[in-house]
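Undergrad: The following block contains a protein sequence and its predicted model.
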Amino acid sequence: MKRILYLFLSTLILVSCQDKKEEAKADEKVACEADSKTNEDGFEMYEMSEMAALMEQMYVDNERLKDRILKGDTIGQFPQHFMRIHEAVLTDDTDKDDFFNTQAKKFIEAQELIYKDPENAKEHFNNGIDACIKCHEVKCGGPIPKIKKLYIE
């Protein structure tokens with residue numbers, strides 16, 4: 001009888017711990033996602049915030065820049081649309097605080113240095129990626145594994 005009771009309690013504890021992990025993952029996902037809307041067919045449509053769309057574009061631009069740096073190609077010119085980081089609407093407007101603004105400034109400064117000082121492009125590029133990661137560690141951790149792939153080793 002005791003064995004059955006221990007088995008039941010152990011199973012109950014394991015199941016309840018698993019539910020908390022899944023809830024935490026779901027909460028993080030909701031906190032990082034952009035707004036969604038339901039269309040006429042009842043399907044939920046994902047709609048990116050301006051900032052999410054800008055960050056996706058910056059990621060693609062930085063992939064291309066990384067390739068140019070690795071190949072020793074000309075760097076080109078600083079993409080002016082990066083400056084929208086200061087004005088784009090976030091999924092959660094409360095995330096645009098002093099910390100965010102400081103990290104955005106560090107990111108822009110590092111990115112600009114790549115184009116002003118191409119001899120040290122790798123270092124400046126990685127500093128920009130550091131700024132992204134430091135911000136995402138505080139604001140929305142979901143994209144960190146993807147961002148880390150940008151580092152130039």
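TA: Nice, thanks for sending it over. Numbers count the residues shown, from 1 in each chain.

Undergrad: only C-alpha atoms for contact and neighbour calcs from this point on.
TA: Noted.

Undergrad: elements contacting the one helix or strand residue 61 maps to?
TA: Taking DSSP states H and E as the criterion, residue 61 maps to helix 50-71. In terms of contacts (3 or more CA pairs under 8 Å, 6 or more residues apart in numbering; DSSP states H and E), helix 50-71 is packed against helix 121-138.

Undergrad: which helices and strands sit right next to the helix it packs on?
TA: Judged by 3+ CA pairs under 8 Å, 6+ apart, helix 121-138 is in contact with helix 50-71, helix 98-116, helix 144-148.

Undergrad: what's next to that helix, contact-wise?
TA: Helix 121-138 has contacts (CA atoms under 8 Å, 6 or more residues apart in numbering) with 66, 69, 99-100, 103-104, 106-111, 113-115, 142-144, 147-148, 150-152.

Undergrad: and residue 136, how many neighbours?
TA: Residue crowding around residue 136 was assessed by other CA atoms under 10 Å; the count is 18.

Undergrad: how close does it get to residue 48?
TA: Distance, residue 136 to residue 48, by CA to CA, to the nearest Å: 17 Å.

Undergrad: for residue 110, same thing?
TA: For residue 110 relative to residue 48 (CA to CA), the value is 26 Å.

Undergrad: which of these two has more neighbours?
TA: residue 110 (22 against 16).

Undergrad: show me what contacts the more buried one?
TA: With contact taken as CA under 8 Å, 6+ apart, residue 110 is in contact with 124, 125, 127, 128.

Undergrad: which among the residues you listed gets closest to residue 89?
TA: Taking CA to CA as the measure, residue 89 lies nearest residue 128 of those, at 20.9 Å.

Undergrad: number of nearby residues for the closest one?
TA: Residue 128 has 25 nearby residues by other CA under 10 Å.

Undergrad: Could you do residue 51 as well?
TA: 19.

Undergrad: One more: residue 144?
TA: Residue 144 has 16 nearby residues by other CA under 10 Å.

Undergrad: distance of it from residue 87?
TA: 22 Å.

Undergrad: same deal with residue 109?
TA: Residue 109 sits 16 Å away from residue 87, going by CA to CA.

Undergrad: cool, and residue 96?
TA: Residue 96 is 10 Å from residue 87, by CA to CA.

Undergrad: Neighbour count for those two, which is higher?
TA: A direct count of neighbours by other CA under 10 Å for residue 96 and residue 87 places residue 96 higher, at 17 against 10.
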